[in-house]
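Trainee: build me a model from this:
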Amino acid sequence: MKQEILKTKDLIKKYKDNIVLNKVNITINKGDIYGLVGSNGAGKSTLMNVISSLTMKDSGKVYLFGKEIAQNRDSRNRIGCMIENPAFYPNLSAYDNLKYYCILKGIIDHEKIHEVLRKVKLDNTRKKKFKQFSLGMKQRLGIALAILNNPDFIILDEPINGLDPLGISEIRETLLQLQQENITILISSHILSELYLVANKFGFLEGGKIIKELSKEQLDNECSRCLSIKVNDIKKTCVLLEEKLNTTNYKVLNEQEIRLYD
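Mentor: You can find the predicted model right below:
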C-alpha cells in the first residue's frame, strides 16, 4: 500500500462571499510528482497556501504524512515551498541569499548550500548578484530554497511560468532528479503539456473545485482518439466487439456509451 504524503478532505476557503476552494479533495502518495492543472484564478495558489499553512482554511481537513496538520505541527518542518515569488536580496549572490535563509531556519551546516546549488545547477554563479539572474535562474534558486531543509515533500507554484524552452527543460530535469531522491512534489501550472512530461498524477482545478483526478495512464486514455458509440444493449455490443471485431480495447462508460480505442 502506498504511503499518503498529502490528503485534503472537503477543503473550503472563502474570501467574504467568494468561495475560492469548494470542497477540494486530493491525494498525493510518496514519490508522486502531482501536477495541479488550472487556469489563472482557478484557486491553485490558494490551495497551496492552505496546505503549507500560509493561509487559514475555513473548513475541511489537511493531512500531512498521515496526520492532520492541525494536530501535528512538526510535519511543517518536513515540507519546502516555493509559492509565488520567493523574496531574495537583489544585491546578494545565490550563496549569500541561501546563507541568510540558513540563519533564519537554524541550519548550521552551510555545506548544505553548496549541495542544493549543485542540484539546481547554480553552483557556478559565484559572485553574480540575484538581480543579474535570468528568470530561469531565479526560479531554480527558489527551488534550492525549497529543498534547503531536506524536505520529504515540496510545493512549487508555477515554477515554469514565463520561462523559455531551455529554462523549462532545466526545471524539468531538476524535478525528475529530486523525484529520484524520494522527494514528493506538488507542482502547479496552466500548461498541461509541460506538466505531462514530469508528473505521474494530475488534479484538474476549475472554479475552486477538483473536477478530475487522474493518473498519467488514465489521462492518456482520456486524451486518446476513440469512437464514442451510443448503444441500447451494452452486453450484446461488448460480445460483438470481441467476437466480430476481435478487440478488447474499449471502455464501458455507462449503460449507453462505449469508447472504442482501436
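Trainee: please identify the buried residues of stretch 230-250?
Mentor: Of the residues in stretch 230-250, Ile234, Thr237, Leu241, Tyr250 count as buried by neighbour count, 16 or more other CB atoms under 10 Å. To be clear about C-beta, it is placed using only N, CA and C from the backbone, and glycine gets the same treatment.
Trainee: repeat for stretch 254-262
Mentor: Buried positions in stretch 254-262, judged by neighbour count with 16+ other CB under 10 Å: Ile258, Arg259.
Trainee: contacts for that stretch next, please.
Mentor: Applying CB atoms under 8 Å, 6 or more residues apart in numbering, the external contacts of stretch 254-262 come out as 221, 224-232, 234, 237-238, 241, 245, 247, 249-253.
Trainee: what about the helices in the stretch 151-262 of the chain?
Mentor: Taking DSSP state H, counting those that start in this stretch as the criterion, the stretch 151-262 of the chain carries its helices at 165-180, 192-195, 216-223, 234-244.
Trainee: format those helices as CSV; extra columns: mean pLDDT and distance to Ala87.
Mentor: Shown next, in CSV, are the helices of the stretch 151-262 of the chain (pLDDT from 0 to 100; distance: least, CB to CB, whole Å):
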stretch, mean pLDDT, distance to Ala87
helix 165-180, 89, 20
helix 192-195, 86, 25
helix 216-223, 85, 34
helix 234-244, 91, 58
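Trainee: out of those helices, which is closest to Gly142?
Mentor: Among those, helix 165-180 comes nearest to Gly142, with 10.0 Å by CB to CB.
Trainee: list the buried ones in that closest one?
Mentor: Gly167, Ile168, Glu170, Ile171, Arg172, Thr174, Leu175, Leu178, Gln179.
Trainee: mind listing which of the contacts of stretch 254-262 are in strands?
Mentor: Leu227, Ser228, Ile229, Lys230, Tyr250, Lys251, Val252 (DSSP state E).
Trainee: the first one: what's it in contact with?
Mentor: With CB under 8 Å, 6+ apart as the criterion, the residues that contact Leu227 are Arg259, Leu260.
Trainee: what two of the buried residues of helix 165-180 have the greatest distance between them?
Mentor: Between any two of the buried residues of helix 165-180 (CB to CB), the greatest distance is 19.1 Å, for Gly167 and Gln179.
Trainee: Three-state assignment for Asn97, please.
Mentor: Here Asn97 is helix, with the state taken from DSSP: H, G, I helix; E, B strand; the rest coil.
Trainee: what's the distance between it and Glu84?
Mentor: Per CB to CB, to the nearest Å, Asn97 is found 17 Å from Glu84.
Trainee: how about Lys2?
Mentor: From Lys2 to Glu84 the distance is 30 Å (CB to CB).
Trainee: please apply the same query to Ile258.
Mentor: 45 Å.
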